[in-house]
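Undergrad: the following block contains a protein sequence and its predicted model.
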Amino acid sequence: MSAHDARRTILITGVNGQVGFELARTLQGLGTVVAVDRAALDLSDLDQVRAVVRKIRPALIVNPAAYTAVDKAEEEFDLAMRVNGEVPGVLAEEAKKLGAALVHYSTDYVFNGGKDGAYVEDDPTDPQNAYGRTKLAGEQAIAASGCAHLIFRTSWVYGTRGKNFLLTMLRLGAERDELSVVADQVGAPTWSKTIAALSANVLAQAAAPGQNDWWHAHTGVYHLTATGAASWHGFAQAIFELSGFAKTPTVKPIPAASYPTPAKRPGNSRMSNDKLARTFGIQAPDWRDALQLCLAER
């Protein structure tokens with residue numbers, strides 16, 4: 001892959017998703033961005049995925065697209081596995097044939113949540129739900145392909161688009177005086193724009209002149225989340241505190257056991273960004289600072 005070729009093409013999947021939408025904007029300076037949505041690229045059709053990549057012939061494939069309905073994945077396992085497990089493998093195989101590189105996004109749900117501290121990249125994986133198992137399968141398929149790749153594991157993604165915890169809280173907060181929110185699951189709420197900005201920062205390093213061996217040296221898995229941590233309850237409180245609600249609802253802490261869901265969630269979703277900082281010299285913002293910026297943008 002000629003890293004300094006100004007005409008290089010970057011294929012971005014899932015452009016209507018939270019992260020894909022932001023990536024299509026932040027990666028503008030690094031090449032010719034071809035951003036595709038579900039109409040142009042049906043991720044449940046592996047033949048179409050292959051055909052689109054072969055037609056576009058990108059130097060870089062960026063794949064934020066995923067099956068993200070965590071609870072629904074328990075009953076739609078085959079579809080979730082195709083999109084989250086098989087598609088990344090197909091993208092990786094096609095990238096390898098083209099001499100292209102692949103950037104893929106994964107999740108804290110590949111871990112079981114039983115660790116005391118923050119997870120690091122080489123901690124043993126042990127997903128506790130169908131979604132986590134399909135995302136881990138995607139990671140493994142990419143690694144097995146031998147293509148140049150970066151896998152960014154992130155957590156608790158939110159933004160001003162799509163379906164996410166932030167938008168749910170803002171909607172419910174306007175409707176109700178009291179909300180009950182899970183307080184015994186901890187992670188780093190991560191703004192979709194933070195993910196895109198940090199990704200662009202890393203990829204700008206890859207695109208710098210004279211970086212021919214860059215991908216060979218940096219291929220692997222990295223944790224990419226906001227810094228700090230909160231429970232869902234703490235996240236909800238911060239949303240109301242920072243969004244300037246005229247009348248803030250009371251947020252009642254409850255245990256996860258009181259709010260059963262089809263998919264089991266990890267108790268601890270904290271992941272260390274040390275490898276990301278050490279390798280690329282970039283620092284993720286504190287989750288509260290990012291949340292404040294996101295709310296200011298609404």
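TA: That came through, no problem.
Undergrad: tell me where the chain has strands.
TA: Per DSSP state E, the chain has strands spanning 9-12, 32-35, 60-63, 101-107, 148-154, 157-158, 178-182, 186-187, 190-191, 220-223, 230-231, 250-254. These are given in chain order.
Undergrad: pick the most buried one from the ones you listed.
TA: Mean neighbours per residue, mean count of other CB atoms under 10 Å, is largest over these for strand 190-191, with a mean of 28. Where you see a C-beta, it was placed from the backbone N, CA and C, and this is true even at glycine.
Undergrad: which residues touch that one?
TA: Residues outside strand 190-191 that contact it (CB atoms under 8 Å, 6 or more residues apart in numbering) are 154-159, 224-226, 284, 287, 290-291, 293-294.
Undergrad: ok, stretch 10-20 next?
TA: In contact with stretch 10-20 (CB under 8 Å, 6+ apart) are residues 21, 23-24, 27, 30-38, 41, 43, 52-53, 56, 58-66, 68, 91, 105, 157-159, 161-162, 164, 192, 195-196.
Undergrad: restrict those to the buried ones and give me that as a PyMOL selection.
TA: The PyMOL selection below is limited to those of the contacts of stretch 10-20 classed as buried (16 or more other CB atoms under 10 Å):
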select buried, resi 21+23+24+27+30+31+33+34+35+36+37+41+43+52+53+56+58+59+60+61+62+63+64+65+66+68+91+105+157+158+159+162+164+192+195+196
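Undergrad: narrow the contacts of stretch 10-20 to those in helices?
TA: Cross-referencing those against helices under DSSP state H gives 21, 23-24, 52-53, 56, 91, 192, 195-196.
Undergrad: and the contacts of strand 190-191, which two are furthest apart?
TA: Ser155 and Leu293 (18.0 Å; CB to CB).
Undergrad: give me the more crowded residue out of these two.
TA: Set Ser155 next to Leu293 and count neighbours by other CB atoms under 10 Å: Ser155 wins out with 24 against 14.
Undergrad: my read: Ala284 touches Ala197, true?
TA: No. In this structure Ala284 lies outside contact range of Ala197 using CB atoms under 8 Å: 9.4 Å.
Undergrad: so between these two, which is more surrounded?
TA: Ala284 (23 against 18).
Undergrad: pLDDT wise, what is that one at?
TA: Here, the pLDDT recorded for Ala284 equals 96.
Undergrad: do the one 4 residues further on as well
TA: At Arg288 the predicted local confidence, pLDDT, stands at 98.
Undergrad: sorry, back to before: could I get the strands of the chain as JSON lines with mean pLDDT and distance to Ala208?
TA: Converted to JSON lines, the strands of the chain look like this (pLDDT from 0 to 100; distance: least, CB to CB, whole Å):
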{"stretch": "strand 9-12", "mean pLDDT": "98", "distance to Ala208": "15"}
{"stretch": "strand 32-35", "mean pLDDT": "97", "distance to Ala208": "18"}
{"stretch": "strand 60-63", "mean pLDDT": "98", "distance to Ala208": "14"}
{"stretch": "strand 101-107", "mean pLDDT": "98", "distance to Ala208": "14"}
{"stretch": "strand 148-154", "mean pLDDT": "98", "distance to Ala208": "15"}
{"stretch": "strand 157-158", "mean pLDDT": "98", "distance to Ala208": "28"}
{"stretch": "strand 178-182", "mean pLDDT": "97", "distance to Ala208": "43"}
{"stretch": "strand 186-187", "mean pLDDT": "98", "distance to Ala208": "33"}
{"stretch": "strand 190-191", "mean pLDDT": "98", "distance to Ala208": "26"}
{"stretch": "strand 220-223", "mean pLDDT": "98", "distance to Ala208": "18"}
{"stretch": "strand 230-231", "mean pLDDT": "98", "distance to Ala208": "36"}
{"stretch": "strand 250-254", "mean pLDDT": "97", "distance to Ala208": "46"}
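Undergrad: including distance to Gly113, could those strands go into CSV?
TA: Compiled in CSV, these are given as follows (distance: least, CB to CB, whole Å):
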stretch, distance to Gly113
strand 9-12, 30
strand 32-35, 33
strand 60-63, 25
strand 101-107, 12
strand 148-154, 14
strand 157-158, 17
strand 178-182, 13
strand 186-187, 9
strand 190-191, 17
strand 220-223, 15
strand 230-231, 13
strand 250-254, 18
